[in-house]
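S.K.: next come a sequence and a model predicted from it.
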Amino acid sequence: MMHNTMTEQSKQEGPDKDFLATFARGLEVIKSFDAQTPAMTLTEVAKKNDLSRATARRFMLTLQKLGYVSSDGKQFRLTARVLDLGYSYLSTLDFGGVITRYMEEVTHKLGESCSASVLDGPNIVYIARIPVRGLMPINLQVGAKLPAFATSMGRVLMAAMSDERLEEYLAQVEFVQLTPYTLTTVDALRQEVHKVRTQGYAINDQQLELGLRSVAVPVYDRHRNIRFALNVSSHVSKVSPERLVSEFVPLLEEAAARMTAALP
């Protein structure tokens, strides 16, 4: 059985000797728990992750000893300790203090939800959010994901890429017609991203969800490395595109500048 495990690892490692396949597989096992499968038996873990049952057992028992999963004897579930992985990242940005305070100020001044996100493959992932009730029926808590191509924050994050990296990224986008206004071609998205580079902000007008209008700006650290995107969302009945530019953008840019000064 040890031979089978080593074979699985070798397939994953390939020519990259610095790649620890076992560690990577362990992270994939953690990520395989989701809303559809919050609890799984060993057999289900093995099937979902393309592992032998014996290998899945070793992964789960190791994660259990580390406190990342619990078991009732038949099924395994993630524990709250998994949150430590995400909060370790958030602590590097001080979202529990300074950054969140600036976001709260934006929400207070505009009366609209303020969010921050980073890229994770084809999606943006929410890393902070100050919500206003009654905006849209979308569950956008910390950790929520949305398709980057159809969001203002996604386009801001794409705009910070080099031309070469952007082309690689655009080539992998899987377009979906979410609303009648959604951009669904590489050429259209590329043009929009270049526009964002020039103007310094991105506006999304009902391309993700009908009735939803948003604007986003980049937040850099003091070394001009982009750290995340900052966004404000509203309903089309409350704010026009012109007001987004004249009122929302300056407030977001002011907040972003203050965040830059606070980032390490």
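M.R.: Sure thing, it's come through. Numbering: from 1, shown residues only.

S.K.: all helices for the stretch 1-150 of the chain, in order.
M.R.: With helices called from DSSP state H, counting those that start in this stretch, the stretch 1-150 of the chain shows them at 2-13, 21-31, 42-48, 53-66, 83-91, 98-110.

S.K.: and these as CSV, adding mean neighbour count and mean pLDDT?
M.R.: All C-beta spots, glycine's among them, are computed from the backbone N, C-alpha and C. CSV is the format used below for those (neighbours: other Cβ atoms under 10 Å; pLDDT from 0 to 100):
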stretch, mean neighbour count, mean pLDDT
helix 2-13, 12, 42
helix 21-31, 15, 86
helix 42-48, 17, 93
helix 53-66, 16, 91
helix 83-91, 12, 68
helix 98-110, 17, 91
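
S.K.: with distance to residue 236 as new columns, can those be given to me in a markdown table?
M.R.: Below are those laid out as a markdown table (distance: least, Cβ to Cβ, whole Å):
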| stretch | distance to residue 236 |
| --- | --- |
| helix 2-13 | 47 |
| helix 21-31 | 35 |
| helix 42-48 | 40 |
| helix 53-66 | 46 |
| helix 83-91 | 31 |
| helix 98-110 | 15 |
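
S.K.: closest to residue 195 out of the ones you listed?
M.R.: helix 98-110 (23.2 Å; Cβ to Cβ).

S.K.: got the contact list for that closest one?
M.R.: With Cβ atoms under 8 Å, 6 or more residues apart in numbering as the test, helix 98-110 has contacts from 93, 113-116, 128, 130, 132, 230, 232, 234, 247-248, 251-252, 255, 258-259, 262.

S.K.: now with 6 Å, please.
M.R.: 93, 114, 130, 232, 251, 255, 258-259, 262 (Cβ atoms under 6 Å, 6 or more residues apart in numbering).

S.K.: which pair in the residues you listed spans the largest distance?
M.R.: 93 and 251 (20.1 Å).

S.K.: higher neighbour count, the two?
M.R.: For residue 93 versus residue 251, neighbours defined as other Cβ atoms under 10 Å are more numerous around residue 93 (23 against 17).

S.K.: on that earlier part again, residue 168: which of the helices of the stretch 1-150 of the chain is closest?
M.R.: Nearest of the helices of the stretch 1-150 of the chain (Cβ to Cβ): helix 21-31, 21.1 Å.

S.K.: give me the distance from the closest one to the chain's centre.
M.R.: 19 Å (Cα atoms, centre = their mean, to the nearest Å).

S.K.: what helices and strands are in contact with that helix?
M.R.: helix 2-13 (3 or more Cβ pairs under 6 Å, 6 or more residues apart in numbering; DSSP states H and E).

S.K.: mind redoing it with 8 Å?
M.R.: helix 2-13, helix 53-66 (3 or more Cβ pairs under 8 Å, 6 or more residues apart in numbering; DSSP states H and E).

S.K.: follow-up on the earlier one: just the closest of the contacts of helix 98-110 to residue 73, please.
M.R.: Once Cβ to Cβ is applied, the member of the contacts of helix 98-110 that ends up nearest residue 73 is residue 93, at 39.6 Å.

S.K.: returning to what we had before: so which of the contacts of helix 98-110 wins on neighbours?
M.R.: Going by other Cβ under 10 Å, residue 232 tops the contacts of helix 98-110 with 30 neighbours.
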